[in-house]
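Novice: give the three-dimensional model of this entry:
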Amino acid sequence: MSRVGKKPIAVPSGVEVKIEGSRVRVKGSKGELEREFDSNMKIEAQDGQIVVTRPDDKRTNRALHGLTRALLNNMVTGVSEGFLKQLNIVGVGYKVDLKGRDLVMQLGFSHPVNYTAPKGIEFEVDSKANTIKIKGIDKQQVGQVSAEIRKFRPPEPYKGKGVMYADERIRRKAGKTAGTAGA
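Specialist: Numbering: from 1, shown residues only. Reported below is the predicted structural model:
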């Protein structure tokens, strides 16, 4: 049996879970999430926990078992605590500001780069440290937004400048060395 799939999900106080067949709605202090799961997976709420079981040991059901449990756990965590990703902007002249719900970034281009926060995402900007905190209740959406922002100017290996995750380590390369000309 799946090691991830067989673990029950503890539902913290203040979180309400509604299971209607294969559709699950989770409501908490931060917001509400709803998702449709595969109809083969059996999702039950019992004793303040959510348990996911599979009908048999077919390959697809084994794969969906752990996935379903992980997605449900992310939903419960999201509505109770929320998710956070932090991006650092490194480079001379690189800076970031927040105007309303829009990020305005100077990333070495001839023009500023604007990014509007999608619904359910909140930005927190520290202009002094050039950091962006991306907050939301949907783990997938927080990760997607941070990847889209990083894509504007990914970190480069020679000088280490660009938009990078806070916990990301950039492998630095040595630059070109002066060789003998015309050898």
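Novice: contact partners for the spatially most central residue of the chain?
Specialist: Nearest to the mean C-alpha position of the chain, by C-alpha atoms, centre = their mean, lies G143 at 2.5 Å. G143 makes contact with K85 under the criterion C-beta atoms under 8 Å, 6 or more residues apart in numbering. (C-beta placed from N, C-alpha, C; glycine too.)
Novice: give me the three-state assignment for it.
Specialist: Under DSSP: H, G, I helix; E, B strand; the rest coil, the three-state class of G143 is helix.
Novice: tell me the mean pLDDT over stretch 154-174?
Specialist: For stretch 154-174, mean pLDDT is 90.
Novice: which residues does the longest helix anywhere in the chain contact?
Specialist: Ordering each helix of the chain by length in residues (DSSP state H) puts helix 59-80 first. The set of residues external to helix 59-80 that reach it, using C-beta under 8 Å, 6+ apart, is 1-5, 7, 9, 11-12, 14-15, 17, 24, 26-33, 35, 37-38, 40-41, 43, 50, 52-55, 83, 136-140.
Novice: which of the residues you listed are buried?
Specialist: For the contacts of helix 59-80, a burial check counting by 16 or more other C-beta atoms under 10 Å picks out 2, 5, 9, 11, 15, 17, 24, 26, 28, 30, 33, 37, 41, 43, 50, 52, 54, 83, 136-139.
Novice: for the nearest residue to V15 once chain neighbours are set aside, list the residues it contacts.
Specialist: Distance criterion C-beta to C-beta, 6 or more residues apart in numbering; nearest residue to V15, sequence neighbours excluded, is G28 at 4.4 Å. Going by C-beta under 8 Å, 6+ apart, G28 touches P12, G14, V15, E16, V76, G78, V79, S80.
Novice: which strand or helix spans S13?
Specialist: Following DSSP states H and E, one finds S13 outside all helices and strands.
Novice: how many neighbours does it have?
Specialist: S13: 7 surrounding residues under other C-beta atoms under 10 Å.
Novice: Provide the strand pairings for the longest strand seen in the chain, with the direction of each partner.
Specialist: Assignment by DSSP state E gives strand 83-90 as the longest strand of the chain. Neighbouring strands of strand 83-90 in its sheet, by DSSP bridges, are strand 131-136 (antiparallel), strand 162-165 (antiparallel).
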